[in-house]
Structures are given as C-alpha cells and as structure tokens.
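Peer 1: Fold the following and give me the result.
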Amino acid sequence: MSNSSRLKGARILITGHTGFTGSWMSLKLAALGAEIHGFALAPETKPALFDLADIWSAFKSHTLGDLADFSLLSDTVNRVAPDAILHLAAQPLVLTGYAQPLRTFMTNTQGTAHILEAARLAPSVRGVVAITTDKVYAPDPKALPFTEVAKLGGKDPYSASKAAAELVIDGYRHSLAAWKRPMRIEVARGGNIFGGGDFAPHRIIPDFYRAVQSGSPLKLRKPNAQRPWQHVLDLCEAYRLLLERVLGEDARSPGENWNFGPEAQDSIKVIDLIRKLEAVWQPMPLEVETGLHETLTLALNSNKAHSELGWTPRLSLDKALQWTADWYKAAIQHPDDLPALTRRQIEAYDS
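Peer 2: Just a heads-up that it's a prediction; the model follows:
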C-alpha cells in the first residue's frame, strides 16, 4: 500500500478543527480524499478562518464540544469510528495560560488524557497523532537546538500543561501492551507557525494585521526573542506523514516523538521577522511592551524527521511570509476570494 492511498478513504477525526491549524489541515486532508470528522469548540475568534474559508463544507460530520466533556467526546469517537485521530485541540497561547491556568491545564493535559482514553476504548482507532509544542522542553542555558530526548519542562502554565500532556501520552504508550491494545501514539513538537487566517490574540502576525486595520503601532513583547518560524502548511505536511505512519500495517511500535522545525536560517528574532514582513506588506510603527516570562531562545533539531520521515520544510521564510501577506491583504480587500485563495495555496504547496 502506497502512502498516498492510506489517507484516501480513511476516516479521520480531527479535534480542534475549527481553529487556525485545524482549518488548514482539514482542507489538506479533504483534498487527499480522507473522510474527515471534527470535534471542537466553536471558533474562538471573530473573524475566524473556519468561517471565512468555508472550512465546514469539507466535513462529513462536525461536533461542537469541549474536551472536558468525556461522555460527549467518547460518544463522538464511537459514532464516527475513526481509523485515526489527529489531536489538535488545545489552549495554545502563553499569555492566556497565565490568565486562565486552570482552563489551560484542563484542556491541554486532562483533554489529552480524555482523547487517549476515548481512542483506547474504540476498537476502530489504529493510532493518534497528538500535537504538542517546542515549548515542552526545559530551558537550556546553552541555547542549543533541542533534540527529541532533551529534558521536558515548563516555566509557565502553557508550557507546563503541554509537558504534562506528554507525560500522559508516555503513560498510555507504556501501558498499551498491558491492555493488549495495538495502537500508535505519535507526538509532533512544532515550532512557531504562521499563515493566513490566524486571528488569535498575542500572536505577532495577527497583531500586525490588526495594527494595519486600526492604523495603530504594532506592540512587541519580546523583540529579541528568537523563534523557529514556519508556515502552517509545513507542519500540516508533517502531520500528514504521521497520520500515514499510524495507518501503516505495523502497529507494534507504541509511537515516537518528533521535532518539526525550520531550517537554521529561518530561526530568527521577532524584530527581524517584522522587518521581513514589512518588506512584503507595509512599514509599521513599533512599540515595545514589558511582557511576562517567555523563553528567549527556542530552536529545534529536526534531523530525526528529516532522516526517518523524509520531512523538510518546503517554504522558505521569505516565501511563507509572502503567502501570508497575500492572504491577509485579500482578507482586507477581497474577502469573498478567501475560500478559493486558501485552497489554491494548499494546491500550490502540494504540487
């Protein structure tokens, strides 16, 4: 069986499908011929990519619910009977983690336990692809790129909740044999992503868009923070590869952890990212704010994904920023074009 045929006709349940990454991934999987089902809260931003790009039309079924509601989640998994689950649902923001720590731990940590338990009890599920973050790693004073065996940690509620989710995953992995349950749990740890249609608060490119809209200065919390920047479609491609992996015929492995980060030259400071974005969009007056704790330098070593999965980023940082600026400019000038533009960018990426 070729990799491409594994997703064609496969029944995939996506948690968090109404979010930014979930919306892009849903369209990508639908284009590959998968039968996709969703479980998520209603879109949490207005506007939202899910609405602007008519993402809902790609779904066979679409359930609105909270990961904290195990009964509804389990009923959904049993009804859909998916071959695999892509677990994207999360509280994804560092600053929201400070403001709402209990919600953050409930969603990111307990929610992960709920999805794994629902998967374990559903015989149809061959595997789960769980998305965490590059922020699961304990800070390294040497600022070396993290490998998958680096120590986990978390100095803020968001990071800690994701590191704790990985402990939950590891506990399930090591118990699968005792349960006599053949199932893979693959973990993707990705760097900072961006792309058209992200409207979340406290994210640098959505903040740039809002500043353009309002004519106000762009406020920066950590202009010298270095991050591994990459387009959302590069991570969607990584998730595709992991879904193919869990749908493979060999379920003896309980799953592994994978880093997905950009090439070294695309891990740059926030202020340098802004200068690149200004070059393809417009100049922007800046203000620097004092922010809460965030790790200053993050870098990922993705050699394992390169060598074992054949994954490498396809979009350079400059091209990714151009595509992103094109999307947001269309959102301002030609919003009716967004469904077609979003699908054209997926098609161009996959061609």
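
Peer 1: make it CA atoms for all contacts and neighbour counts henceforth
Peer 2: OK.

Peer 1: other SSEs contacting the helix or strand where residue 37 lies?
Peer 2: Take DSSP states H and E as the rule and residue 37 turns out to sit in strand 35-40. Judged by 3 or more C-alpha pairs under 8 Å, 6 or more residues apart in numbering; DSSP states H and E, strand 35-40 is in contact with strand 11-15, helix 20-31, strand 61-64, helix 70-80.

Peer 1: Let's see the next helix-or-strand element following it as PDB, backbone CA atoms only.
Peer 2: Along the chain past strand 35-40, the next helix or strand (assigned with DSSP H and E) turns out to be helix 49-52. Output in PDB follows, covering the C-alpha atoms of helix 49-52 (Å, rounded to 0.1, in the frame of the first residue of the first chain):
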ATOM      1  CA  LEU A  49     -10.500  31.100   9.200                       C
ATOM      2  CA  PHE A  50     -13.100  28.300   9.700                       C
ATOM      3  CA  ASP A  51     -15.900  30.700   8.600                       C
ATOM      4  CA  LEU A  52     -14.000  32.900   6.100                       C
END
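
Peer 1: Now do the SS call for residue 313.
Peer 2: Remark: residue 313 carries the secondary structure label coil [criterion: DSSP: H, G, I helix; E, B strand; the rest coil].

Peer 1: And it, how far from residue 149?
Peer 2: If you measure residue 313 against residue 149 using C-alpha to C-alpha, to the nearest Å, the figure is 22 Å.

Peer 1: more neighbours, the two?
Peer 2: residue 313 (18 against 9; other C-alpha atoms under 10 Å).

Peer 1: correct me, but the more buried one touches residue 236?
Peer 2: No: checked against C-alpha atoms under 8 Å, the pair residue 313 and residue 236 is beyond contact range at 10.5 Å.

Peer 1: picking that back up, which neighbours does the strand holding residue 37 have in its sheet, and in what orientation?
Peer 2: The partner list of strand 35-40 in its sheet, established with DSSP bridges, is strand 11-15 (parallel), strand 61-64 (parallel).

Peer 1: quick one: residue 282 is in a strand?
Peer 2: No: looking at residue 282 with three-state DSSP, it is coil, so not inside a strand.

Peer 1: Any figure for the gap between it and residue 329?
Peer 2: Counting by C-alpha to C-alpha, the gap from residue 282 to residue 329 is 11 Å.

Peer 1: joint contacts of the two?
Peer 2: Between them, residue 282 and residue 329 have no joint contacts when contacts are counted by C-alpha atoms under 8 Å, 6 or more residues apart in numbering.

Peer 1: that older thread, next, the residues that contact the strand holding residue 37 from outside, please.
Peer 2: Here strand 35-40 makes contact (C-alpha under 8 Å, 6+ apart) with 8-18, 26, 29-30, 58-67, 73, 76, 80, 89.
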